[in-house]
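Peer 1: This is a predicted model, with the sequence first.
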Amino acid sequence: MPGELSLKVGRKHAEEVRRAMIRNCVYDRSRKILAEGEAVFIPVLHSPKPEELVGLEGISFDVVNYQLEAIEGHPKDLQETLKGKIPQELSSTIPRSYDLVGDIVILEFLPPELAPYKREIGDALLRLTPSAKTALLKTGKVEGEYRVPQLEVIAGEGKFETIHMEYGVRLKVDLSKAYFSPRLGFERYRVSASVSEGETVVDMFAGVGPFSILIASKTKARVFAIDINPDAVRLLQENIRMNRLQGEVLPACEDVRKAAGRMRDTADHVIMNLPSTSLEFLDTAAEILKKEGGIIHIYMFAPEEPMTCAEKSFRGIADKLFGQYEILTVRVVKAVAPKRWQVALDVRARKK
Ligand SMILES: C[S@@+](CC[C@H](N)C(=O)[O-])C[C@H]1O[C@@H](n2cnc3c(N)ncnc32)[C@H](O)[C@@H]1O
């Protein structure tokens with residue numbers, strides 16, 4: 001019975017696990033936590049996936065079916081929150097997932113038949129996530145050079161700026177001016193964990209700095225953070241000031257192709273998070289990479305059989321640019337549209 005799932009964890013780690021479940025939208029707010037002897041039962045909506053358990057390594061727990069007391073009047077999900085507010089025949093079309101960025105809740109997509117009910121849906125999202133002050137609806141594709149989405153306020157205060165917490169770092173974002181997605185949180189964690197002390201990183205499409213800031217907060221590394229969007233770089237600069245960093249982040253508002261000359265042969269890691277056109281910049285990444293080689297973390301969009309497809313597209317260009325290269329990881333990050341995925345590749349490469 002998925003509705004009755006809980007995580008049974010020792011008292012000592014219960015708070016840490018509870019926070020991780022909330023952060024990853026796995027926590028079931030409609031049921032109460034229960035402490036029984038040394039064990040604590042934490043209500044969850046589903047059995048957590050590996051990426052939802054990052055940071056909990058070494059903590060043991062069991063996923064169990066356990067009857068926990070319901071919290072009166074607190075709905076479990078959006079469907080339940082909207083009961084009686086929209087026609088019954090449309091309830092199966094209600095989206096099941098949403099994003100939480102700081103205190104802003106974002107709905108990625110609304111089926112056209114639900115458009116007349118968007119205010120009710122916005123109010124329901126705010127009721128479901130009590131920490132949220134504004135509900136936004138994505139109304140168009142992420143487009144243009146700055147990759148900023150079109151968003152509409154559907155409930156609440158109507159703001160776009162907030163502070164988002166991710167793996168211990170604070171990120172100021174303005175969703176109307178610069179790209180930010182909380183769904184890449186695990187990717188940022190994964191990449192940051194691969195950087196060692198003393199290394200140089202070039203974050204070619206840094207945005208407000210989530211990769212750069214996390215890396216420099218965890219490791220004494222030097223990170224060049226480049227973005228062409230002045231609003232993104234202004235926020236990135238604020239984020240550098242707002243976080244305690246072990247390493248240093250050097251921001252620049254520039255087209256990365258122009259900035260590359262200054263960073264030639266310097267990087268141990270190059271991060272290429274511009275999945276729509278990243279392959280067009282692979283020659284720039286090669287220029288930036290150290291002569292003895294380094295690791296490229298590249299993101300791409302790919303259709304069906306996304307891992308095979310992304311690897312093939314990468315090889316098509318990499319064969320001409322690199323003397324040697326080895327694909328270390330291929331990973332599907334998220335679905336971005338029907339039959340379209342974002343894929344991550346980590347590649348150890350050495351230029352010709
Ligand atoms: C998909 S966003 C990624 C932002 C960030 N890495 C993150 O994870 O939130 C891509 C970013 O690349 C920037 N960009 C696009 N073309 C660029 C270029 N030629 N040089 C530098 N930055 C560029 C955009 O302004 C945008 O902020």
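Peer 2: Sure, I can see it.

Peer 1: Do a quick rundown of the strands in the stretch 151-300 of the chain.
Peer 2: With strands called from DSSP state E, counting those that start in this stretch, the stretch 151-300 of the chain shows them at 151-156, 161-166, 169-174, 200-203, 222-227, 248-253, 269-272, 294-302.

Peer 1: weakest of those in terms of mean pLDDT?
Peer 2: Lowest mean pLDDT within these: strand 161-166, a mean of 94.

Peer 1: and that one, which strands flank it?
Peer 2: Neighbouring strands of strand 161-166 in its sheet, by DSSP bridges, are strand 169-174 (antiparallel).

Peer 1: Any part of the strand it pairs with near the ligand?
Peer 2: No: counting by C-beta under 6 Å from any ligand atom, the ligand has no neighbours in strand 169-174; the shortest distance is 8.5 Å. In this view, the C-beta of every residue, glycine as well, is placed from N, C-alpha and C.

Peer 1: Run the chain-centre distance for that strand.
Peer 2: How far strand 169-174 lies from its chain's middle: 12 Å, per C-alpha atoms, centre = their mean, to the nearest Å.

Peer 1: what's that strand in contact with?
Peer 2: 101-102, 160-165, 180, 208-210, 213-214, 217, 231, 235, 238-239, 242-243 (C-beta atoms under 8 Å, 6 or more residues apart in numbering).

Peer 1: element containing V105, please.
Peer 2: Following DSSP states H and E, one finds V105 within strand 104-107.

Peer 1: So which bits of this protein are right by the ligand?
Peer 2: With the criterion set to C-beta under 6 Å from any ligand atom, the chain comes near the ligand through 145-147, 178-180, 184, 205-207, 210-211, 226-229, 232, 255-256, 273-274.

Peer 1: Please flag which of these sit within helices.
Peer 2: Those of the residues of the chain next to the ligand mapping onto helices are P210, F211, A232, V256, per DSSP state H.

Peer 1: Which pLDDT does the model give the first one?
Peer 2: P210 is assigned a predicted lDDT (pLDDT) of 98.

Peer 1: Check the third one too.
Peer 2: With respect to pLDDT, A232 scores 98.

Peer 1: Could you do the last one as well?
Peer 2: pLDDT, V256: 98.

Peer 1: Same list, the strands of the stretch 151-300 of the chain, but as CSV with distance to G84 and mean neighbour count please.
Peer 2: Below are those laid out as CSV (distance: least, C-beta to C-beta, whole Å; neighbours: other C-beta atoms under 10 Å):
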stretch, distance to G84, mean neighbour count
strand 151-156, 18, 19
strand 161-166, 31, 16
strand 169-174, 35, 21
strand 200-203, 48, 27
strand 222-227, 46, 26
strand 248-253, 50, 18
strand 269-272, 47, 27
strand 294-302, 39, 24
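
Peer 1: Out of those strands, flag the one nearest D62.
Peer 2: Closest approach to D62 among the strands of the stretch 151-300 of the chain is made by strand 161-166 (27.5 Å; C-beta to C-beta).

Peer 1: Give me the buried subset of the contacts of strand 169-174.
Peer 2: Buried members of the contacts of strand 169-174, scored by 16 or more other C-beta atoms under 10 Å, are 101-102, 160, 162, 164, 180, 208-210, 213-214, 217, 231, 235, 238-239, 243.

Peer 1: Can you report how many residues lie near the nearest residue to G10 once chain neighbours are set aside?
Peer 2: With sequence-adjacent residues excluded and distances taken as C-beta to C-beta, 6 or more residues apart in numbering, G10 is closest to E38, at 6.0 Å. By other C-beta atoms under 10 Å, the residues close to E38 number 9.

Peer 1: does E38 really touch V9, like I thought?
Peer 2: No: assessed by C-beta atoms under 8 Å, E38 is found out of contact with V9, at 9.9 Å.

Peer 1: got the angle for the helix or strand containing A135 vs strand 161-166?
Peer 2: Per DSSP H and E, A135 falls inside strand 134-138. Strand 134-138 and strand 161-166 are oriented at 90 degrees to each other (axes from the mean of the first three to the mean of the last three C-alpha atoms, to 10 degrees).

Peer 1: Could you pull up the mean pLDDT of strand 134-138?
Peer 2: Strand 134-138 comes out at a mean pLDDT of 97.

Peer 1: With stretch 303-319 instead?
Peer 2: 96.

Peer 1: Run through the residues that contact L53.
Peer 2: If a contact means C-beta under 8 Å, 6+ apart, then L53 has A20 as its contacts.

Peer 1: That concludes my questions; thank you for your assistance.
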